[in-house]
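Chemist: Pasted the sequence and its predicted model underneath.
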2 protein chains.
Amino acid sequence: MLDPLPFASPGAFDPGLEAFLQEAAHHLCRWLGTAADRPPLPGLSLLPEVEPQLLGVSGERLLADLQLLMEGSYNPGHPGALAHLDPPPLTSSLVADLVCAGLNNNLLAEELSPTLSRLERSLCGWLARRVGLGDGASGVPASGGSLSNLMALVTARHSRGLQTCGEAVVIGSADLHVSIDKALVVMGLAPEALRRLPVDAAGRLDPGQLERELIELERRGRPVIAVVASAGTTVRGAVDPLTAIAAVCRRHGVWLHVDGAIGGVLALSERHRERVEGIGLADSITLNPQKLLGITKTSSLLLLADPGLLPATFATGLPYMEPSWGPCHGGESGLQGSRSAEILKLWLGLRQLGLEGIDRLIEAAIGRRRRLRSALETALPQGALSLLSGPLHLLAFRPAGLDASASASWSAQCRADLMAEQLMLSRPLYHGHHHLKAVLGNPHTGEAELEMLVAVVKRSLPTIAAPNAAPNAGIGAASLGAVGNDNGARVSHG
Amino acid sequence: MLDPLPFASPGAFDPGLEAFLQEAAHHLCRWLGTAADRPPLPGLSLLPEVEPQLLGVSGERLLADLQLLMEGSYNPGHPGALAHLDPPPLTSSLVADLVCAGLNNNLLAEELSPTLSRLERSLCGWLARRVGLGDGASGVPASGGSLSNLMALVTARHSRGLQTCGEAVVIGSADLHVSIDKALVVMGLAPEALRRLPVDAAGRLDPGQLERELIELERRGRPVIAVVASAGTTVRGAVDPLTAIAAVCRRHGVWLHVDGAIGGVLALSERHRERVEGIGLADSITLNPQKLLGITKTSSLLLLADPGLLPATFATGLPYMEPSWGPCHGGESGLQGSRSAEILKLWLGLRQLGLEGIDRLIEAAIGRRRRLRSALETALPQGALSLLSGPLHLLAFRPAGLDASASASWSAQCRADLMAEQLMLSRPLYHGHHHLKAVLGNPHTGEAELEMLVAVVKRSLPTIAAPNAAPNAGIGAASLGAVGNDNGARVSHG
C-alpha cells in the first residue's frame, strides 16, 4: 500500500489516500459482516500502542492497530446485542461520517459551512414541523441527548427570566433520565431543585399530581424552570401522558420539555405517532436519531416551538466572524461553538430509509418487544415474572416475589447465562430491584434470539417454572399472529 | 452500483456496502485533490432535496446528493484558506472517523466500548502528563472547546464548594474567548460575574493587575471560581504569562484554567513548549487538536491535574449500567453521556504524525506567520500597518492611523480584494477596530500565497504605500532565511 500523506495534496488526486480509505473500508465491511461470529461483548483484548512514536508510522501499521481495536470493541451488529439503546450503524451514516470528516466544515459559522448550514436549518425545520411543533418551529443538533436536555433547561430558564434565580425548580417523574440531574449540576442548581414525583403503575407521571405540585409551588413562591416529561423512560420505555401534562403546563404558564431521546422519533411516523401523543404540544423536545434509527453517534436534536429563543439564550456575539446571512450562526444557537456537520448523516440516513423505512424500523422493534413479552408470558406460569414495558421497544423483567437481594443474584446469574448464549441484556437497578432489560431495536434480532432468550430465562427460574410448559412454547404462530393483528395500540399502546 | 442494505448483514460480507464506501471515498479523494481548483469559499450553490421521500432512495442518488453538498462546502484544503482555525483534515482522521462510525461504540460506559474506553483513558493520561500536569493527571474528550471550557469551570466551581453560590466570579482578560461568556450563561451566573481585566500591549493578562483584583475580591468577600488564562487568544494568538499567573493563583488558592484551545498543543512539542511556558502549572487545560493538528472536528480535551474531580462533579450514577471496571465510566466524567469514540482519530492522527511530525507542523505554521509579518513590514513603509501577533501562528493587522469607520471599510474592501485572489482572511472586530486576520496553520499555504497576500494588502493602501518599494519585495531570501536561523524564540517568542 502507498502511504498517504498526512494531508491530501490540494492539487492532485492521491492514490495512496484512496487505497488507505479502501483498505479501511474493506476491514470495516469484514468486521460488520462477521458480527454474528463474535460475541456482543468481546472477552479480553489487546490494546495497541497508545502513544505516538518519534516518527510517524505507516498506513499499514495504522490499519493493523485499528484492527486490534476493532476486535476488542463492543459489537452492536450482533443479533444478540440487546442490552442498550446502541444500534448497529446505518450504512449511509458510514458514508456520511467519512464525507463529513473529509469536508471538515464547521457549523459554528456560515462562512465555514455554507451549504451545510442551510441543510441543517432546513432539516431541523422539517423535523420540528413533522413532530408537531408548528410552522415556525426548528432546532439545533447536539452531540448527544445530555446536551440537548441541558440546552432545553438553560433556554427555558432564560426565557423565564430565571437566569440567576437560585430558588427555581425543575419537575419531572421519578423515572427521569440521569442527564437531568447532571444538567442541574452544570446550571448551578442544588440537587433538591429537581422535584421528582412518583410514577404510576405504568411508570408514568400523573398529571393530577403534577398540577397539585405546581399549585403548592405557586403558593410557596417557588418559580418553575420547566416540567420535564419523558417520551420513553430509560428502563421500561414508558411515555408520560403528554397531552394531559401539556394542558396542566399551559394552565400554569410553565415550560414543557419532553425528553424524547428514546421515543421522540416515533413522532416522525404517521402510524406510530400516537404512541407519543401530545409531543407536539411541548415547548421543546429532545430527539435522538442515534438510537432507534441507527444514525451513528452522536446524533441528537433539540427542537423548539420558538427556535428564536436559542440565540436569545446562547448568542454571545462572534466578533471574529462575518455576520450570518441566515437567522443566526450555528454556534450562536446552543452550547457548542465549533462543531462538525452531524446533520449530514441524519439527512442521508433519513433519505436512505425513507418515511416507509422509518415506519418499518419502528414497527419491527415494537413487534419484537410484543413477541418477547407474549412469549415470556406464555412460557412461564402466570405471575412468575414482573414484566415492565410501555408502548416502545423496551422490556424489563424480574421474577415476582423476590426480595432485593434475591433479585440482584438472580439478575447477575441470568445475565451471565444469557451471555453464554451470546445474548447481551442489561441489568438496571429500578425502583430498588435489579431487573433484566432488553432493548429490541436491533434490526438483526430474529426469532432464534427471542426463543433462546425465553429458554434461558425459563431455566433461570427452576423452582417456579411450570413443569408442563414446553420449552420455547412462547414463540409460536399465535404470538407472531398477535403482532400482525394487533391494532389496539390506540388504547393499550401494546 | 449494488444498493447497500440500510444495515449491513451481521453474517455476510456486503459487497454493496463496500462499493458504496469505495465510491464515496473516490468522490472524497477527488474533492480533496481538486481543492486548489475551487475557491476557499464557494459561490452560490445548490442544496439537494432535504426531506426524506416516502421510499428510500438508491445509494447512487445518495452519493449524487452528497456531491452537491460537497460543491457548496467551505474548502479548508485550499492553500488560500487562512481565515479561521479550521485546517484541512489529516488523512488518518478520515479513516478513523469511518471506523468510528462503523463500530458505533459508546464511550458512555465500558460495556459499550471496552477497548476504546481503555484507549481513551490511556491517551488522555499520556497527553496530560506530556503537557506537564503531573503523574496522576488525565482528562476527558469533549465535542469542542466550548464544552471543555464549560466543564472546566463547572469542575472548578464544584471543587470550591461554590456550586450554588450566586456571588462567585470568574476572572480573565479582555481577550478571553466568547465561550467563557456562554459558559456563564449555562452556569446560571450573571454576565457581571465575568471580570475581564485589560490586556497589555502584547494582548496579555497582567499578573500584577490580576493579583490586585484578587486582593480586592477577597476584601469584598467575593469568592472566585477560577482564573482563566489564554494560551492563544482568538484574534492575535497571544499567550498570557502563565508561570506568573500560576504563582498568583497559588498564592491566593485560586483555580487556574488555561484555555489552550488554540495554543495548548504546542506543549506536546519539546521544541515549542516554551511558547506556552507554565501551562503545566494549571489546574485544568483545554486543548483542541481539531485546530493546528488537523484532527477532524470535533476533537477537544479537558485535561486536569486531578482528574478525580471530574466524576466527583459530574457523576450521577448510571443505575442501568454494569459498574465500571476502571476508575469510572466515560459518561460520568463530564457533560456528555452517550458519545462516540472521538479519541480514535486523535490517537491515529498522533500516531500518523509522530512527535517529529507534530513538531514540523507547528514549526511550519509559526514560520509562515513570521514570514508574512516580516514580508508585510518590508513591503510597506514603517508604521503603515498596525501588526498584532503573539508566539503562535496568528497574525492580525490594519492600517495605522485610521478611525474605526475607516478600518471597517478598508477591511471589507481588502477582504474582498483578497477573496478575488482566492485568499480568504477573516475580518475580526478587535478592540473597536476591524482587522484582517490570517491563521497560518494551513499546511498547503506556500510562498505564492504569502506573496500575493502582501501584494493585495499593499495595493489596498495606495495613499500610504511607499512609491519606491518594489512589488512583493517582502518575500525574499532574507525573510526566508530569517525563519531558519531564528533561534530567538526563548526570548522574543517571535
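Modeler: Here it is on my side, so go on. Numbering: from 1, shown residues only, chains lettered A, B, ... in the order given.
Chemist: If we ignore the residues flanking it in sequence, what's nearest A:Val118?
Modeler: Actually, residue A:118 is Arg rather than Val. Residue nearest to A:Arg118 in three dimensions, not counting chain neighbours: B:Leu47, with 5.4 Å by Cβ to Cβ, 6 or more residues apart in numbering or on different chains. For every residue, glycine as well, the C-beta is placed using N, CA and C.
Chemist: does the one you found sit in a helix or strand, and which one?
Modeler: Assigned by DSSP states H and E, B:Leu47 belongs to neither a helix nor a strand.
Chemist: Enumerate every residue touching the residue nearest the centre of chain A.
Modeler: Closest to where the C-alpha atoms of chain A average out (Cα atoms, centre = their mean) is A:Lys291, at 3.9 Å. Going by Cβ atoms under 8 Å, 6 or more residues apart in numbering or on different chains, A:Lys291 touches A:85-87, A:261-262, A:265, A:441.
Chemist: please redo it, this time with the cut-off set to 6 Å
Modeler: By Cβ atoms under 6 Å, 6 or more residues apart in numbering or on different chains, the contact list for A:Lys291 reads A:Leu85.
Chemist: which parts of the stretch 201-350 of chain A sit against chain B?
Modeler: A:234, A:296-298, A:316, A:319-320, A:336-340, A:348, A:350 (Cβ under 6 Å from any Cβ of the partner chain).
Chemist: which helix in chain A runs the most residues?
Modeler: Criterion DSSP state H: the longest helix present in chain A is helix A:343-379.
Chemist: In terms of secondary structure, what does that helix contact?
Modeler: If contacts are counted by 3 or more Cβ pairs under 6 Å, 6 or more residues apart in numbering or on different chains; DSSP states H and E, helix A:343-379 sits against helix A:91-103, helix A:114-130, strand A:394-399, helix A:447-459, helix A:477-485.
Chemist: from the middle of its chain, how far away would the shortest one be?
Modeler: When you say that, I think you mean strand A:394-399. In this view, strand A:394-399 has its centroid 19 Å away from the chain centroid, taken as Cα atoms, centre = their mean, to the nearest Å.
Chemist: Tell me the strands beside it, with direction?
Modeler: Paired with strand A:394-399 in the same sheet, following DSSP bridges, are strand A:385-389 (antiparallel), strand A:436-439 (antiparallel).
Chemist: what's the closest of these to A:Thr91?
Modeler: strand A:436-439 (20.8 Å; Cβ to Cβ).
Chemist: What is the distance between the closest one and the centre of its chain?
Modeler: Per Cα atoms, centre = their mean, the centroid offset for strand A:436-439 relative to its chain is 14 Å.
Chemist: can you pull out the strands in chain A?
Modeler: With DSSP state E as the criterion, chain A has strands at A:138-142, A:169-173, A:194-197, A:224-230, A:256-260, A:284-287, A:300-304, A:385-389, A:394-399, A:429-430, A:433-434, A:436-439.
Chemist: Deepest-packed of these, please.
Modeler: Most buried of the strands of chain A by mean neighbour count (mean count of other Cβ atoms under 10 Å in any protein chain shown) is strand A:284-287; its value is a mean of 32.
Chemist: Return the list of helices and strands in contact with that one.
Modeler: Using 3+ Cβ pairs under 6 Å, 6+ apart, the elements in contact with strand A:284-287 are helix A:145-159, strand A:256-260, strand A:300-304.
Chemist: can you give me the offset of it from its chain's centre?
Modeler: 11 Å.
Chemist: Starting from it, tell me which strands it pairs with and how they run.
Modeler: Partner strands for strand A:284-287, per DSSP bridges, with pairing direction: strand A:256-260 (parallel), strand A:300-304 (antiparallel).
Chemist: what's next to the first one, contact-wise?
Modeler: Contact with strand A:256-260 is made by A:149, A:152, A:177, A:226-231, A:246, A:249, A:279, A:282-287, as judged by Cβ under 6 Å, 6+ apart.
Chemist: which sections of the stretch 251-400 of chain A are below the confidence cut-off?
Modeler: Along the stretch 251-400 of chain A, no part satisfies pLDDT under 70.
Chemist: Nearest to A:Arg212, out of the residues of the stretch 201-350 of chain A next to chain B: which one, please.
Modeler: Nearest to A:Arg212 among these: A:Thr234, at 25.6 Å, using Cβ to Cβ.
Chemist: residue contacts, the residue lying closest to A:Glu120 once chain neighbours are set aside?
Modeler: Spatially, and ignoring its direct neighbours in sequence, A:Glu120 is nearest to A:Ile343 (4.3 Å; Cβ to Cβ, 6+ apart). Applying Cβ under 6 Å, 6+ apart to A:Ile343 gives the contacts A:119-120, A:123, A:141.
Chemist: Quickly list the domain ranges of chain A.
Modeler: Listed domain ranges for chain A are A:38-75, A:105-339, A:355-492 (source: automatic domain parsing).
Chemist: Can you say which of those domains is packed in most?
Modeler: domain A:105-339 (a mean of 22).
Chemist: Just grab the bridge partners of A:Lys437 for me.
Modeler: Beta-bridge partners for A:Lys437, by DSSP bridges, are A:Ala396, A:Ser426.
Chemist: Any stretches of the stretch 1-150 of chain A with poor pLDDT?
Modeler: A:1-2.
Chemist: got the angle between the longest helix of chain A and strand A:138-142?
Modeler: Angle of helix A:343-379 versus strand A:138-142, following axes from the mean of the first three to the mean of the last three Cα atoms, to 10 degrees, is 80 degrees.
Chemist: how about the helices and strands packed on strand A:284-287, which one is nearest A:Ser386?
Modeler: Between those, strand A:256-260 lies closest to A:Ser386; by Cβ to Cβ that is 24.9 Å.
Chemist: Would you mind writing the CA trace of the closest one as PDB?
Modeler: Written as PDB, here are the backbone C-alpha positions of strand A:256-260 (Å, rounded to 0.1, in the frame of the first residue of the first chain):
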ATOM      1  CA  LEU A 256     -42.900  21.800  29.000                       C
ATOM      2  CA  HIS A 257     -39.800  20.000  27.800                       C
ATOM      3  CA  VAL A 258     -40.200  16.400  26.500                       C
ATOM      4  CA  ASP A 259     -37.200  14.200  26.900                       C
ATOM      5  CA  GLY A 260     -37.900  12.100  23.800                       C
END
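Chemist: now that strand: how far from the chain's centre is it?
Modeler: Averaging C-alpha positions (Cα atoms, centre = their mean) puts strand A:256-260 13 Å from its chain's average.
Chemist: Fine, thanks again, bye for now.
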